[in-house]
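Peer 1: below: sequence and its predicted model.
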Amino acid sequence: MVHQETIRLSTTGNGDMHDLSDAVAAIVQKSGVTTGTVHVFAVGSTSGVCAIEFEPGLQKDLPAVLNRLIPPSRAYGHEQAWHDGNGHSHLQASVIGPDLTLPVKKGKPLQGTWQQIVHVEFDGRPRDREVTVTVMGE
Amino acid sequence: MVHQETIRLSTTGNGDMHDLSDAVAAIVQKSGVTTGTVHVFAVGSTSGVCAIEFEPGLQKDLPAVLNRLIPPSRAYGHEQAWHDGNGHSHLQASVIGPDLTLPVKKGKPLQGTWQQIVHVEFDGRPRDREVTVTVMGE
Amino acid sequence: MVHQETIRLSTTGNGDMHDLSDAVAAIVQKSGVTTGTVHVFAVGSTSGVCAIEFEPGLQKDLPAVLNRLIPPSRAYGHEQAWHDGNGHSHLQASVIGPDLTLPVKKGKPLQGTWQQIVHVEFDGRPRDREVTVTVMGE
């Protein structure tokens, strides 16, 4: 069985995080799959999906750590060619990745108690985003 | 075909690594899948799974690099709210990720010679962990 | 339905990137899968696959950022044991990861406009590489 749906969200930019856990669980339930996997994919190269505890402290910490390690800068090769101010966004997104796959067990995404499914915006401005969810299994 | 099993392990904390390659290969064999994928998922937000060579040098290097880039600290927003000493653990785990998917080819997980399936503990204390393995294919 | 094929490529080492998007799309088309997922996996522990914009600026920036954060060095534990000069390659590869999964929608891999499927070589010398692509769905 395969079931695919798209979640739409609007972000404010600069590390803005959204908890997609409830939306993904609803899609898994609708799919009828009880055992398998659910794949969550951020369409676009300057955002990502990760499994982090969704709480205000880490909502500040993750963007802060990434901005310290891979700071916004006009010195990137990407900037010198495109001048669109998001060289660091592409690079931060490559470290976190656009895809997350979780097991489906007893009809639900399997997650730890403090392990949410979180979309992270790395671009420096508000964006409308699509996250495609694909459930496979039996 | 879908086959799902859970591996249980106990870690000593602080970058402790376990090689899950043999356990995952046994689950793939039991599944009867000859062509497809095997998905390996660490339940919990302060550990991860990666494909690294499992040898004593890198067992020191990977935690050391992550502690240099994302050091244990009481200054994280997560610490100021929760005081549980594992802000860096959540952040390090987000960089490595909880999930790894490998091809199944001729009834076995496809890996390079020096590419093991490794669970990494990022929490600062011993933990009992569950890793859920889902094999899909034909 | 499951369809699996291997892409072969030769790299020049040190962050050399190859855009696999066309090759992956051709394999998806050949599979006959219209809805599902496509899994792309770099065999070997010193290269990786990520979803980054494939353009000359970022082709310089990503290896430069990784070499700044995880520099080539003889001081790694891996080097002291193996003396093969690629301790940093294993560590950089662990951050990017060997696997990328994308949705298949209407018979094509779903990607953003500036989101290519890119193989990155982290080893310090030219390598022949295999990337295994597994398409599953209906």
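Peer 2: Arrived safely.

Peer 1: for chain C, tell me whether stretch A:109-120 is touching it.
Peer 2: No. Using Cβ under 8 Å from any Cβ of the partner chain, we find that stretch A:109-120 stays clear of chain C, coming within 13.8 Å at best. (Glycine included, C-beta is placed from N, CA and C.)

Peer 1: buried residues of that stretch, list them for me.
Peer 2: Buried residues in stretch A:109-120, counted by 16 or more other Cβ atoms under 10 Å in any protein chain shown: A:P109, A:L110, A:Q111, A:G112, A:W114, A:Q115, A:Q116, A:I117, A:V118, A:H119, A:V120.

Peer 1: distance of the most centrally placed residue in chain A relative to A:H18?
Peer 2: Nearest residue to the geometric centre of chain A (Cα atoms, centre = their mean): A:V49, 1.9 Å. Computed as Cβ to Cβ, to the nearest Å, the A:V49 to A:H18 distance reads 10 Å.

Peer 1: overlap of the contact sets of the two?
Peer 2: By Cβ atoms under 8 Å, 6 or more residues apart in numbering or on different chains, A:V49 and A:H18 have these common neighbours: A:V118, A:H119.

Peer 1: sec struct for the residue in chain A that chain B sits nearest to, please.
Peer 2: Using Cβ to the nearest Cβ, A:G57 is the residue of chain A that sits closest to chain B, at 3.4 Å. Of the three states, A:G57 takes helix under DSSP: H, G, I helix; E, B strand; the rest coil.

Peer 1: correct me, but it touches B:G87?
Peer 2: Yes. A:G57 is within contact range of B:G87, at 7.0 Å (criterion: Cβ atoms under 8 Å).

Peer 1: neighbour-wise, which of those two wins?
Peer 2: More crowded of A:G57 and B:G87, by other Cβ atoms under 10 Å in any protein chain shown: B:G87, with 27 against 17.

Peer 1: my guess is that one meets A:K60, correct?
Peer 2: No. Taking Cβ under 8 Å as the definition, B:G87 is not a contact partner of A:K60, at 10.4 Å.

Peer 1: which neighbours do those two have in common?
Peer 2: Residues touching both B:G87 and A:K60 (Cβ under 8 Å, 6+ apart) are B:G77.

Peer 1: which residue packs closest to the residue lying farthest from the centre of chain A, ignoring adjacent ones?
Peer 2: Here chain A reaches farthest from its C-alpha mean at A:Q80, the gap being 27.3 Å by Cα atoms, centre = their mean. In space, not counting the residues next to it along the chain, A:Q80 is nearest to C:G57; the distance is 6.3 Å by Cβ to Cβ, 6 or more residues apart in numbering or on different chains.

Peer 1: please apply the same query to A:D19.
Peer 2: A:F54 (4.3 Å).

Peer 1: which other helices and strands contact the helix or strand of chain A with the lowest mean pLDDT?
Peer 2: In chain A, the helix or strand scored least confidently by mean pLDDT, DSSP states H and E is helix A:77-82, which has a mean of 90. Counting contacts by 3 or more Cβ pairs under 8 Å, 6 or more residues apart in numbering or on different chains; DSSP states H and E, helix A:77-82 is packed against helix A:87-96, helix C:56-69.

Peer 1: just name the most buried of those helices.
Peer 2: Across these, averaging neighbours per residue (mean count of other Cβ atoms under 10 Å in any protein chain shown) puts helix A:87-96 on top, at a mean of 26.

Peer 1: which residues touch A:L110?
Peer 2: Counted by Cβ under 8 Å, 6+ apart, A:L110 has contacts A:L102, A:P103, A:V104, B:F41, B:V43, B:T132.

Peer 1: which two in the residues you listed are spaced the farthest apart?
Peer 2: A:V104 and B:V43 (13.1 Å; Cβ to Cβ).

Peer 1: spell out which parts of chain A neighbour chain B.
Peer 2: Counting by Cβ under 8 Å from any Cβ, chain A sits next to chain B at A:35-37, A:50-53, A:55-62, A:64-65, A:69, A:95-97, A:100-105, A:110-112, A:114-115, A:136-138.

Peer 1: up against chain C, what does chain A have?
Peer 2: A:2, A:4, A:39, A:41, A:43-45, A:69-70, A:76-82, A:87, A:90-91, A:93-95, A:97-99, A:101, A:132, A:134, A:136.

Peer 1: of those, select the buried ones using a PyMOL command.
Peer 2: Buried residues within the residues of chain A next to chain C, by 16+ other Cβ under 10 Å, are selected in PyMOL with:
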select buried, chain A and resi 2+4+39+41+43+44+45+69+70+76+77+78+79+82+87+90+91+93+94+95+97+98+99+101+132+134+136
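
Peer 1: where does the nearest residue to A:Y76 once chain neighbours are set aside land on pLDDT?
Peer 2: Leaving aside its sequence neighbours, A:Y76 sits nearest to A:G87 (Cβ to Cβ, 6+ apart; 3.2 Å). pLDDT recorded at A:G87 is 97.

Peer 1: which residues touch A:G87?
Peer 2: A:S73, A:Y76, A:G77, A:H78, A:E79, C:G57, C:L58, C:D61.

Peer 1: most widely separated two among the residues you listed?
Peer 2: A:S73 and C:L58, at 13.4 Å, using Cβ to Cβ across the contacts of A:G87.

Peer 1: which residues touch the nearest residue to A:P72 once chain neighbours are set aside?
Peer 2: Excluding its sequence neighbours, the residue lying closest to A:P72 (Cβ to Cβ, 6+ apart) is A:H88, at 4.7 Å. Residues in contact with A:H88 (Cβ under 8 Å, 6+ apart) are A:N67, A:I70, A:P71, A:P72, A:S73, A:Y76, A:F122.

Peer 1: give me the pLDDT for the third one.
Peer 2: So the one you mean is A:P71. At A:P71, pLDDT is 97.

Peer 1: same thing with the last one?
Peer 2: As summarised for this prediction, A:F122 has a pLDDT of 98.

Peer 1: OK, contacts around the residue nearest to it when sequence neighbours are not counted?
Peer 2: Distance criterion Cβ to Cβ, 6+ apart; nearest residue to A:F122, sequence neighbours excluded, is A:S89 at 4.1 Å. If a contact means Cβ under 8 Å, 6+ apart, then A:S89 has A:T46, A:F122, A:D123, A:G124 as its contacts.
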